[in-house]
Structure formats: structure tokens, C-alpha cells
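Asker: my questions are about this predicted structure, shown below with the sequence.
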Amino acid sequence: MSSKKLPPLSAIVAFDAVVRLGTFTRAASELHLTQSAVSKQIKRLELSLGTPLFERKGNDVILTSSGAVLYRAVTQSLQCIKEAVQQIDDCLAPSLSISASSGIASYLVIPMISLFRKSHAQIDVRVVGAQDRLNMKGADTDFAIVYGDGSWKDLRAHRIAEEEIFAICTPEYRDEHRIRCLADLSHCDLIELESNDPATISTRQWMRQVGYLGAHKGSIIRVSSYDLAIKAALAGEGVALAWAEALPDELRTRQLCRVCDETLKTGLGEYLTCPAARELTPMAQTLWDWVVATTAQQLVRD
């Protein structure tokens, strides 16, 4: 296989313009060059490749088979470059970042930011999903969603959601297993979330904390994330726990339902936080003020 140097970029740009615009004259106008200069660039490219790229018909030009092959590669390459430049611009553009555990990011933060951007579309917000919720306070972002009681001396914190936990399943599973009260869960399949998240409790622990002290006789299905627990419940595999502050859409659409009336309020919650010593930028202050006002309105409605 012969080895050729890559053609000059200026010749590639001229080639792309001629193909798109159909004539050397229009290409020269777009590139702010003379027609002669564009012709020289194309000739240079053809000599470099050792094959003609155009057939001339009057003022118009038509790609040869070799020209068509090159143009496909050129358009793909230029598109990749444009996308890379856009990504760089996006990274350099002023924006805010919020870190949260994956479940809270999906079910609480994304809907919150979506609502925020309806009135502040000029502010870009990046949501970062974190696997280790135990180290959220040290997150390298503008804000972090931290779980706890809000008493952190080194953090500026505002509670955005109170923790409330209840049991869910599909209506079909509830009816099939004749679930009418908490005690009926004793013979049900329980979907239990296993993680290092400090907010995580097992379904059996929840049952005890809301008042059922008997034995559980059903099977246990263990999953490693909140998303998987919701999906398992949606698939009819059993009873899972749901957090009101991270409410699945399937509860609103009634694909899932609450199993019984019992609910657990721990007094803890999710807090929007940032280092107390950090001075907020104008954009960060805008988001902070909006969150404070929005949660205050929610408390009034409740």
C-alpha cells in the first residue's frame, strides 16, 4: 500500500466549497479568494492524489468517482471537527454544575433543573451523577445534593426534600397477592436495595420501623441501585421501597401503586449545599435564590 502525505487543509477547504456551491466562482466568493486561487488549490489537490476530482461542464463542475469518495470522507471529517469545536465551546461556556447520587439525580435534580430552566434558559446546568454518596460534601461542583439533617458547619445548606419512604408494587401484583394491609407483606416477594448509600434501608427494616414485627416468609430479590429496584417492581417481581423525594413517574401514571398506608418519615432529607466559605457567582446565586423560593412555595401548598 502506497503511503501519501495528507493533502493541505486549505485545498480540502476549497474542495468542499466547490462541491457544495457547484462552481469555482461561488466557492471563491465564499472563501474570499480569487477564482484562480481556488483553481490552483483544486489542481494542487488533484496532483497530490494523482487523479482528477471534477469534470468541468461549462461553469459547472461534477464530481468524478474519486471526487465522490473524497467528498464523503471530507464531509464526515468536517462534521467531526464541528462537533468537537461545539463540545469545547460548551465546556468553556459559563455554566453551573450539581452533583448528586444517581437516583436523586434522575428523580429529583433533573426535574428540578428542567423547571428552573423554563425561567432561566440562559443558564446552562450540568448534573453529575455520583456513585459514592458518602463523599458528596467534598464534590468538585458548584453545588452538591447532600443527605442528612442539614447541620453541617462547613456547608451552606437548604433542604429541598424531606425523606419519606413507603412500599410500592404494580396494581396487578397487589391484587394477585391480596395485599390489603402491612401484615400481608409477610408472604410477598421483597425487592431490597443493597448499597453504601446512608439513606438505604431494606424493605424488611422498613416493615419493622412502620410497625410489623412478625416474620417474613416470602423471597428476597436483591438489587444494587434504586433504578433497578423500581424496574424490578415495574416488572411485577415484588414489593420495593420508594422515596417520596425521588418519586418514579410510574407512580404518577399508576403503573405502580402504594401497597399500604404506612409511611416512614425520618426527619432527614436532601439538601442543596455548597461550601460556606465560597462566595456564590451571580449564576449560582440565581439558582440558589430560585430553589429557596420554589421550596418555600411548595411548603405553603402542602
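Answerer: Done, it's in. The structure displayed is predicted, hence computed values, not measured ones. Numbers count the residues shown, from 1 in each chain.

Asker: middle-most residue in this structure, spatially?
Answerer: V127 (6.4 Å; CA atoms, centre = their mean).

Asker: which helix or which strand is home to it?
Answerer: strand 124-130 (DSSP states H and E).

Asker: what packs against that strand?
Answerer: Packing contacts for strand 124-130, counted by 3 or more CB pairs under 8 Å, 6 or more residues apart in numbering; DSSP states H and E, involve strand 95-101, helix 110-119. No exception for glycine: its C-beta is placed from N, CA and C like everyone else's.

Asker: distance to D142 added to those, as a markdown table?
Answerer: Shown next, in a markdown table, are those (distance: least, CB to CB, whole Å):
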| stretch | distance to D142 |
| --- | --- |
| strand 95-101 | 5 |
| helix 110-119 | 12 |
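
Asker: so who does the closest residue to D124 other than its chain neighbours touch?
Answerer: Distances taken as CB to CB, 6 or more residues apart in numbering put S95 closest to D124, at 3.9 Å, once the chain neighbours are dropped. Contact analysis of S95 by CB atoms under 8 Å, 6 or more residues apart in numbering lists I123, D124, V125, R126, M283.

Asker: helices of the stretch 51-200 of the chain, start to end?
Answerer: Remark: helices assigned in the stretch 51-200 of the chain by DSSP state H, counting those that start in this stretch are 65-92, 102-104, 110-119, 171-176.

Asker: quick one: distance of the longest one to the chain centre.
Answerer: Offset of helix 65-92 from its chain centre (CA atoms, centre = their mean, to the nearest Å): 25 Å.

Asker: state the mean pLDDT of it.
Answerer: In this model, helix 65-92 has a mean pLDDT of 84.

Asker: so what are the domain limits for this structure?
Answerer: Using automatic domain parsing, the domain ranges for the chain come out as 9-92, 95-160+271-301, 162-267.

Asker: hang on, the earlier thing: so which of the helices of the stretch 51-200 of the chain gets nearest A17?
Answerer: helix 65-92 (10.6 Å; CB to CB).

Asker: by contact count, what packs against the closest one?
Answerer: Secondary-structure packing of helix 65-92 (3+ CB pairs under 8 Å, 6+ apart): helix 9-21.

Asker: hmm, try it at 10 Å
Answerer: Under the contact criterion of 3 or more CB pairs under 10 Å, 6 or more residues apart in numbering; DSSP states H and E, helix 65-92 touches helix 9-21, helix 35-49, strand 54-57, strand 60-63, strand 124-130.
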